[in-house]
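Trainee: Pasted the sequence and its predicted model underneath.
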Amino acid sequence: MSETATSTHNFDELAEPPHVEAPRDHKLWPLLLAALKEVYDPEIPVNVYELGLIYKVEAKDGKDGKTDLDVKMTLTSPGCPVAQEMPGWVQGALFSVEGVGDVDVQIIWEPPWDPSMMAETAKMQLNMFM
């Protein structure tokens with residue numbers, strides 16, 4: 001991606017959760033990030049990325065020109081009512097990005113999610129200043 005194309009994507013440091021591992025230098029990352037920010041926890045008016053539910057995104061470029069993704073995410077609690085649906089929502093959002101091949105989304109529970117994992121923007125939206 002050219003420097004000009006990269007600069008058109010506004011990188012908002014306040015919208016970055018402190019712990020997420022992501023392929024920020026990958027050519028598809030701006031589109032993947034935008035897709036992740038379209039998925040919302042139905043009980044909390046914040047997207048799953050800024051909420052800190054996405055722990056890790058790995059991108060592996062295949063010989064077919066497609067990029068396969070491996071996503072590790074969590075939920076705000078093990079009893080989350082959308083626990084069965086949320087991984088599918090994330091998978092569907094990422095599948096919509098042109099150039100994406102396989103997408104594997106796994107729910108993990110370690111480390112357990114807590115509000116300190118949210119991006120500053122999420123804390124501001126929820127009036128949770130820490």
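Mentor: Structure received.
Trainee: where's the residue sitting nearest the centre point of the chain relative to residue 65, distance?
Mentor: In the chain, the centroid-proximal residue (C-alpha atoms, centre = their mean) is residue 49; its distance is 3.9 Å. Distance, residue 49 to residue 65, using C-beta to C-beta, to the nearest Å: 26 Å. The C-beta positions use only the backbone N, C-alpha and C, and glycine is treated the same way.
Trainee: How about residue 51?
Mentor: Computed as C-beta to C-beta, the residue 51 to residue 65 distance reads 32 Å.
Trainee: Compare neighbour counts for the two and give me the winner.
Mentor: residue 51 (26 against 8; other C-beta atoms under 10 Å).
Trainee: coming back round to it: surely the residue nearest to the centre of the chain meets residue 33?
Mentor: Yes. Assessed by C-beta atoms under 8 Å, residue 49 is found in contact with residue 33 at 6.8 Å.
Trainee: where does the chain have low pLDDT?
Mentor: Applying pLDDT under 70 to the chain picks out residues 1-11, 129-130.
Trainee: all strands of it, in order?
Mentor: Under the criterion DSSP state E, strands of the chain are mapped to 54-61, 67-73, 100-107.
Trainee: where do the helices sit along this structure?
Mentor: 3-8, 29-36, 86-95, 120-125 (DSSP state H).
Trainee: Please name every helix or strand in contact with the second one.
Mentor: Helices and strands in packing contact with helix 29-36 are listed as strand 54-61, helix 86-95; criterion 3 or more C-beta pairs under 8 Å, 6 or more residues apart in numbering; DSSP states H and E.
Trainee: Thank you kindly, that will do.
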